[in-house]
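Asks: Would you be able to build a 3D model of this:
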Amino acid sequence: MAILVTGGAGYIGSHTCIELLNADYEVVIVDNFSNSNPIALQRVQQITGKTIKVYEIDLLNELELERVFQENSIEAVIHFAGLKAVGESVVNPLLYFEKNLISTISLCTVMQKYNVKNIVFSSSATVYGLPETLPITEDFPLEVRNPYGRTKRMIEEMLHDVYISDSSWSISILRYFNPIGAHESGLIGEDSIGIPNNLMPYITKVAIGELKELNVFGNTYETSDGTGVRDYIHVCDLANGHVAALKKTIEMNEVGIFNLGTGRGYSVLEVLRAFESATSLTVPYKVCDPRPGDVAIYYADATRAFKELGWKAKKSLEEMCKDAWRWQLNNPNGYLKRKKQSTSSK
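Replies: As a prediction, this is how the structure comes out:
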């Protein structure tokens with residue numbers, strides 16, 4: 001039996017494929033490579049010494065997707081595929097509803113037709129909106145503020161309705177916070193194009209000389225140093241969280257929602273100083289105006305994931321920094337022959 005990974009060539013998807021292969025799962029990947037690179041999958045096989053089956057298919061193409069289910073004995077699906085740039089979703093909401101929501105409907109339709117009813121869905125902490133209390137638990141009220149977050153929430157609600165209609169489905173919804181770092185081999189990592197939206201690739205691009213300085217958005221928040229605090233988690237810990245959720249999903253028949261985070265926050269300047277300490281580099285920065293909608297502090301309560309999945313984040317901030325820098329240093333231009341696109345696969 002195989003595990004189908006949609007968007008498996010993306011940043012989180014490729015790292016999860018490594019952990020699946022290391023756990024002796026057979027892996028089948030569907031990716032349209034619109035915002036990822038097949039080189040990542042070559043390197044996944046290089047790291048693990050195992051082969052994966054890859055289909056270059058868009059999830060909206062149900063006929064082609066059916067071929068995947070016809071040619072493989074699929075036991076479960078880990079669903080990463082989708083677009084994730086908040087700003088772009090505001091500019092082009094219809095694209096996000098098509099590529100995130102409608103494509104998931106296509107996937108679930110085919111899954112149901114072929115009686116594959118185990119799915120792990122890659123959601124986001126974006127669904128929580130502005131926190132009223134901290135840390136954020138899975139029972140926190142949901143409040144989305146952009147089309148990207150809205151697609152995630154709508155997919156979560158759709159999956160709940162699917163389960164209500166047919167309790168033989170088994171569904172895990174993973175809400176995670178701020179993945180950073182890279183595989184310790186330095187062969188795969190976050191391949192950001194242009195000015196990154198996320199902190200760590202921004203830091204590494206400045207450190208390697210591609211960008212002049214880091215923009216720190218706001219330093220007057222009510223935090224220890226005035227800069228925003230977020231829950232940064234190593235991408236390999238996150239990948240292992242997906243494997244733990246997969247095992248639970250295959251065993252149960254219910255809907256489970258789990259935060260995947262470290263349970264503590266680091267400020268922008270804390271991450272910057274940790275990177276400088278881990279690499280013996282100096283990263284120039286300037287303070288800019290806060291971004292609209294940003295909150296001061298945002299971090300997870302991951303107790304449920306520990307209790308029900310037996311999972312917890314293990315890697316330190318220093319490891320996150322070292323691994324991110326190793327990836328950047330070994331791949332100053334990211335993956336070769338990459339396609340230029342403003343969004344990135346998970």
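Asks: what bits of the stretch 151-300 of the chain have low per-residue confidence?
Replies: Residue ranges of the stretch 151-300 of the chain with pLDDT under 70: none are present.
Asks: And the strands in it, which stretches?
Replies: For the stretch 151-300 of the chain, the strands defined by DSSP state E, counting those that start in this stretch occupy 170-176, 178-180, 214-217, 229-230, 232-234, 255-260, 266-267, 285-288, 297-298.
Asks: Now render those as JSON lines, adding distance to Met154 and mean neighbour count.
Replies: Placement of C-beta: from N, CA and C, glycine included. Putting those into JSON lines (distance: least, Cβ to Cβ, whole Å; neighbours: other Cβ atoms under 10 Å) gives the following:
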{"stretch": "strand 170-176", "distance to Met154": "12", "mean neighbour count": "24"}
{"stretch": "strand 178-180", "distance to Met154": "22", "mean neighbour count": "24"}
{"stretch": "strand 214-217", "distance to Met154": "28", "mean neighbour count": "18"}
{"stretch": "strand 229-230", "distance to Met154": "25", "mean neighbour count": "24"}
{"stretch": "strand 232-234", "distance to Met154": "25", "mean neighbour count": "26"}
{"stretch": "strand 255-260", "distance to Met154": "15", "mean neighbour count": "23"}
{"stretch": "strand 266-267", "distance to Met154": "31", "mean neighbour count": "22"}
{"stretch": "strand 285-288", "distance to Met154": "33", "mean neighbour count": "14"}
{"stretch": "strand 297-298", "distance to Met154": "22", "mean neighbour count": "19"}
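Asks: Nearest approach to Ala305 belongs to which of these?
Replies: Ranking those by proximity to Ala305 (Cβ to Cβ) places strand 255-260 first, at 4.4 Å.
Asks: The closest residue to Leu187 other than its chain neighbours: what's it in contact with?
Replies: Residue nearest to Leu187 in three dimensions, not counting chain neighbours: Arg43, with 4.3 Å by Cβ to Cβ, 6 or more residues apart in numbering. By Cβ atoms under 8 Å, 6 or more residues apart in numbering, the contact set of Arg43 is 14, 187-188.
Asks: And those, which is closest to Tyr128?
Replies: Ser14 (26.3 Å).
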